[in-house]
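Asker: mind looking at a prediction? Sequence and model below.
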Amino acid sequence: MKLRKVYFALSWLVVLSMILAACQTSATEAPTATKSPEAVDAPAATEPPVAATEPPMQTTRHGGWLDEIDISVVAGDSAISQLQAGTIDFFSFNLASDVYPAIKEAGLSSTQSLGGYYGISLNPAVFTDTKVLNPFSNRKIREALNWLIDRNYINQEIFAGGSLPKLLPITTQLVEYTNLIATARALESKYAYNVEKAKEIIDAEMPAMGAVLGEDGKWQFNGEPVTLTFLIRSDGDGTRQPIGDYVSNQLESVGLTVDRQYKTSSEAFPIWLGTAGADGQWHMYTAGYGVSGLGSLRDESGNLQQSYLNTSTQAGEPYISNVSDPEFQKLGDDLAQGKYSSKEERDAMMARGLELALEDSLFVWVIDQQVYAPYNNNAQVTFDLATGPESTNVGPYNLRFVGQEGGTMKVGTNDLFTQPWNTIGGSNWIWDANVHRATSMGASSVTGGGGLMADPYTGLAYPQRIASAELTYKEGLPINQNLNWLTVTTAPQVDVPEDAWVDWDAKEQRFITAAEKFPDGLTSNIKSVVTYPVDLFDTVKWHDGSPISVGDFVMSMIQGFDPGKPDSAIYDESLALSINATLVSFKGYRITSTDPLTIESYTDTYLSDAELNITPLWPQSPYGLSGENSWQVLAISNLAEAAGELAYTSDKADGAEIENTSWVGGPSLEILAKYLDQAAGESYIPYEPTLGQYITREEADLRYSNFKKWYEEHGHFWVGTGPYYLDKVFPTEKSLVLKNNSDFVDLADRWSEFSEPKRATTVLDGPGQVKVGDEAVFDVSVSFKDEPYLQSDIRGVRYILYDATGAVVTVGDADAIGDGQYQVTLGAEITSKLTTGSARLEVAVVPIPVAIPSFTSFDFVAIP
Amino acid sequence: MAVVTNPPAENVVVKKAGYGGTFMRVSRYVASRFLTLFITVVIGIYLTIVIANMGGYVDEIIKGEIRDRITQAFIADPAVQQMDPEVRKKLMQEKIALEEKRRGLDTPIAIRNARYLSNALRLDLGRSINLTSDAGSKQVRLIILERLPATLLLMGTSQLFLFFSSIFIALSLSRSYGSIWDKVVVALSPTSAVPPWFYGIFLILIFAAALKILPFGGMVDSPPPANTFDYAVNVLKHLALPGLSLVLSSFFISVYNYRTFFLIYSSEDYVDMAKAKGLTSRNIERAYILRPTLPTIITNFSLLIIGLWTGALFTETVFLWPGLGRTLFQAIGQYDIPIIVGSTIIYAYLLSITVFLLDFVYVLVDPRVKIGG
């Protein structure tokens, strides 16, 4: 009897908890209804990050703002809970946009950046098996898919409204998109969701290809349903599967049959990339791509060739099966190879290219994903708008607690020590590189030099450790100067001096000059001259206390050549491939002065922004990895490699069955310590025939002595010159401790201007009714944190007028009235083009300090 | 934890000794047993290798991944973009070929399988393909050794606690059959259907997120305490939740199993006889219940000890516990065959040795059992 009472009470308890749970407010907002087909939403789906920032204040503190940063591995699933529990202050790894509502609900701040993009890859081949029809061999059917897919729906339903619908092969809302705003918006309007139009095209094209519509409403070919094999990725962040399901449903709604094959990347890759398109093993694939830093996204003119044409760098399926329109083929190839003479010509080519890309639609783009890295409101985080906090060079400089100097910040990330750490062939995983950046002078991943600091909001670069820079480029190259810290000139021909170093003789251990290798003379596209500060060698010190020297610079140059030479004691076949590839465009270095240090660089490779063509050489990875390398750490590592005990790259280590060099842990440390002792005992100068001119025995003794002390104290060989030094490493526990470098040359507020992105807030106001044929005036207010946005900080304000059908009526520029105040005047000749009914005016504000434009729109009624 | 109730091995004959000298009998038995077990290990390992590389299909997967990775790297390099397309194509093909060579894809699958098998049998664990130890080494031996202490700590603590507490409580329950506690254990035994990682998530929510008294995961705080004592206390704090989740998920079913097992033995005629003779319950437990069940308990214990080796794949992953289970989980995901094979061969050898030795242990604990014959 007693037991029955207990059961009864328990049952009620369960029922009660279920009722309470059901009554609870939903954690996430209800999905928003899909917009009407003609509505072209501003892509700004989410608000700018609410970052608590510190007003500028004077400081005497050197290095970073924090005393200590403790970084450890934390599961992304528990990041928000751990932030709420106070076990971490900042989770630096990007989380997918579906967690954004949870971040908001938890009352946390977050960074917001691009996380990559998704699209549907289509097989364009005509199948060898003639009994099977591939509808996507027809360009018009591929194009029709753009109308068939409601990208807003996908964004709302799958990405919780936190990402950006993507139609174009350029990044939505970034530099290129802003350049081509009128074309971009017009195309978005043209290709807005319209399932009827898609069906109309499919219905027209399928019979022409021999298909018939069955009584069941399904398309048939040779008596069999036209079945599309759809490779749908089921792994990753879990968003590709619902995207694939949605697209499948849409295709089935227009009479096509879809065979949904859910696969992981491992299962899908061999079919997608590994089989000939004509084999017919697939029709569609849910493709996804990552993005690199903002600097690399400033110019996306290569994307047309890359994503559509059979000349794509990817040189495989499905590209090689695609037969593109000849105009598109030429345009895409010319854009990729920079065959244009002015920015205007280039932009016009891009605009036409975008139109043709949608007609080609080898890829049907779906989403530009936004990702979020959460942090507590008392933290201040600077982040690259393209890639997020872990790829931001200035990030460690500005990381701090609001209103506080010093303190210990607990940072969680996805992983650490994924591969051994060394700057020649070691780990380049984003979480490891984040630590490398904190210990390095502002290394710009775009320019590859520590003398510059990358602007996280525009992708441009500013001088950090260089006094002046000059750029000379060959006339006719499409290069634009944006900032005034460098001098830019052009020349009909850029000659490489005879004494420039163009290659390396590993046997004699000396540089080969231009005169020796190219007796008939050598020219290049780019000449960059960088002069470093006069006090460089007095003020910049390695973390072990040794002053930086010319030897560090020259050693880095040598290290960029030597492993690629078969005569070298550290020859590495895998590095040789990269080195030989670089030598195709590399044209030389020349040190014209060591006091102050002045280095000329010559190359054929160029980028469209003048600032990014400066080569600020620095003692850091010559292979584009993150982290700095003093000459002595390379010297002892080279000794170990030459002795066959260690190898920088995993390729060589695996082949020789030896350990991969790690400067922070494992069996490498003991081996490196042995060679450090040996080098110290011999006052060893590496590559003496060359470096002997720059390094003295006294400097070598000091270097080795300081390095030994460092190793004894910290237990590793990772030293840099950055604002933080690597104090302790715990590889098995997957954590590490960074401490402030109080000897760092700059004050902590050196990059405070980059504390947060100055994303503009725009308000558009005007009459609710406009008489067709009458003039109408609309006011635009642009602000940042409720203060008017300076006119000098705004590149322009463009407006786009749409009619009742969503078609673009006109595009123009607003007139500046004052700081943050603009006016759009629609003249009588413009309003007379409107049909009566609803109309929409949209403005795009293009700020200079941030690469992301601000959009807003205003609906009004056009009356007769 | 399942209770193994199988009779002693087939070659162990109860009671009657065979003819011939004891030495010859034991030698013959040892030789045939050794050979049988070795063949079993060879077959087991070869099957593991074949399954791990999906009969060769993994090659296609890896080739696809290599191609994609190298292509993406090329796309990101502006210098490559401006290269002559033919030079670029050649360079990319060379890079892909080199990487395929590094991964051993230029060697026929049959030869690679034979090499894996031969090396494994000689305990030459070789080098991993992708994974590195946290300290940066690719030697499978070092990767395993690095993770072993963490796994032994987690699995050892939880499984030994589970084993001994189950036996103790089961014995007690078998004496009070039908009591409220007995019914509670029977009623709660289905809770063991829930896997430990699921308990883990709940425990994290309660003790880490809500109550904030225990850590979310990992093996030690960041940074780890410098003092050894503090370090040990800190590790214990981190051990609490994963350990508890492993115990909770098996506790009731384990007690239920042993309790049922002991109950069966408690109802034997000779136990009733002992009771009738007026022996104390303690004596009955020790001499009449535990004694005959000892071979089974020892078997279970032995298998438990070698089972520690495999770690807890999902629980370690949920708690970011740096153990062998998590490493194996990663290795499977990345088709890192040397690690999968390395972990399996050690387990296979341990299992074989255990099975081999158990035959001798049975003789020691059960006078009715005789080797060979």
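Answerer: Okay, I see it.

Asker: can you point out the buried residues in the helix or strand containing A:P242?
Answerer: Here A:P242, judged by DSSP states H and E, is contained in helix A:240-253. Neighbour counts over helix A:240-253 (16 or more other CB atoms under 10 Å in any protein chain shown) mark A:R240, A:Q241, A:I243, A:G244, A:D245, A:Y246, A:V247, A:S248, A:Q250, A:L251 as buried. Using the backbone N, CA and C atoms, a C-beta is placed for each residue, glycine as well.

Asker: residues touching the nearest residue to the last one once chain neighbours are set aside, list them.
Answerer: Here the nearest residue to A:L251 in space, its sequence neighbours aside, is A:V258; by CB to CB, 6 or more residues apart in numbering or on different chains that works out to 5.4 Å. Residues near A:V258 by CB atoms under 8 Å, 6 or more residues apart in numbering or on different chains: A:T227, A:L228, A:F230, A:S248, A:L251, A:E252.

Asker: let me know the average pLDDT across whichever strand or helix holds A:V258.
Answerer: According to DSSP H and E, A:V258 maps onto strand A:257-263. Strand A:257-263 shows a mean pLDDT of 95.

Asker: in its sheet, what does it sit against?
Answerer: Sheet partners assigned to strand A:257-263 using DSSP bridges are listed as strand A:227-233 (parallel).

Asker: okay, the partner strand in PDB with CA atoms only?
Answerer: C-alpha atoms of strand A:227-233 as PDB (Å, rounded to 0.1, in the frame of the first residue of the first chain):
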ATOM      1  CA  THR A 227      16.500  10.600 -60.600                       C
ATOM      2  CA  LEU A 228      19.100  13.000 -59.200                       C
ATOM      3  CA  THR A 229      21.800  11.400 -57.000                       C
ATOM      4  CA  PHE A 230      22.400  14.000 -54.300                       C
ATOM      5  CA  LEU A 231      25.500  13.600 -52.100                       C
ATOM      6  CA  ILE A 232      24.400  15.200 -48.900                       C
ATOM      7  CA  ARG A 233      27.000  15.700 -46.200                       C
END
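
Asker: now for the helix or strand following the strand holding A:V258, which elements pack on it?
Answerer: For strand A:257-263, the succeeding helix or strand toward the C-terminus, using DSSP H and E, is helix A:265-272. For helix A:265-272, the elements it packs on are strand A:227-233, strand A:284-289, helix B:57-75, judged by 3 or more CB pairs under 8 Å, 6 or more residues apart in numbering or on different chains; DSSP states H and E.

Asker: pipe those into TSV and attach mean neighbour count and mean pLDDT per row.
Answerer: TSV is the format used below for the helices and strands packed on helix A:265-272 (neighbours: other CB atoms under 10 Å in any protein chain shown; pLDDT from 0 to 100):
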stretch	mean neighbour count	mean pLDDT
strand A:227-233	22	96
strand A:284-289	23	92
helix B:57-75	18	76
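
Asker: nearest to B:I201, out of these?
Answerer: Taking CB to CB, strand A:227-233 is the member of those nearest to B:I201, at 25.3 Å.

Asker: which one of the buried residues of helix A:240-253 is nearest chain B?
Answerer: Ranked by distance to chain B (CB to the nearest CB), those are led by A:R240 at 15.1 Å.

Asker: test my guess that the closest one contacts A:G288.
Answerer: Yes: at 6.3 Å, A:R240 counts as touching A:G288 under the criterion of CB atoms under 8 Å.

Asker: pLDDT-wise, which helix or strand of chain B ranks last?
Answerer: Ranking every helix and strand in chain B by mean pLDDT, DSSP states H and E puts strand B:13-14 at the bottom, with a mean of 48.

Asker: against which helices or strands is the helix or strand just after it packed?
Answerer: Sequence order places helix B:22-52 as the next helix or strand after strand B:13-14, per DSSP H and E. When contacts are defined as 3+ CB pairs under 8 Å, 6+ apart, helix B:22-52 packs onto helix B:109-121, helix B:337-365.

Asker: and A:P374, how far from A:I88?
Answerer: 10 Å (CB to CB, to the nearest Å).

Asker: now do the shared contacts for those two.
Answerer: A:A79.

Asker: tell me which helix or strand the residue of the stretch 101-250 of chain A found nearest chain B sits in.
Answerer: As assessed by CB to the nearest CB, chain B sits closest to A:D235 within the stretch 101-250 of chain A, at 9.5 Å. If you go by DSSP H and E, A:D235 is not part of any helix or strand.

Asker: for it, give its distance to A:K263.
Answerer: For A:D235 relative to A:K263 (CB to CB), the value is 8 Å.

Asker: comparing these two, which residue is more hemmed in?
Answerer: A:K263 (19 against 15; other CB atoms under 10 Å in any protein chain shown).

Asker: buried ones in stretch B:84-100?
Answerer: B:R88, B:K89, B:L91, B:M92, B:E94, B:K95, B:I96, B:L98, B:E99, B:E100.

Asker: ok, the fifth one to B:E100 distance?
Answerer: The spacing between B:E94 and B:E100, counted by CB to CB, is 11 Å.

Asker: cool, and the fourth one?
Answerer: Distance of B:M92 to B:E100, computed by CB to CB: 12 Å.

Asker: repeat for the third one
Answerer: Relative to B:E100, B:L91 is positioned 15 Å away (CB to CB).

Asker: do the same with the second one
Answerer: According to CB to CB, B:K89 and B:E100 sit 16 Å apart.

Asker: turn the contacts of A:V258 into a markdown table, including distance to B:R115.
Answerer: Formatted as a markdown table, the contacts of A:V258 follow (distance: CB to CB, whole Å):
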| residue | distance to B:R115 |
| --- | --- |
| A:T227 | 43 |
| A:L228 | 42 |
| A:F230 | 39 |
| A:S248 | 44 |
| A:L251 | 47 |
| A:E252 | 49 |
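
Asker: among the residues you listed, which one lies nearest to A:L460?
Answerer: For the contacts of A:V258, the residue nearest A:L460 by CB to CB is A:F230; the value is 41.4 Å.

Asker: what sits closest to the closest one if chain neighbours are left out?
Answerer: A:M284 (4.5 Å).
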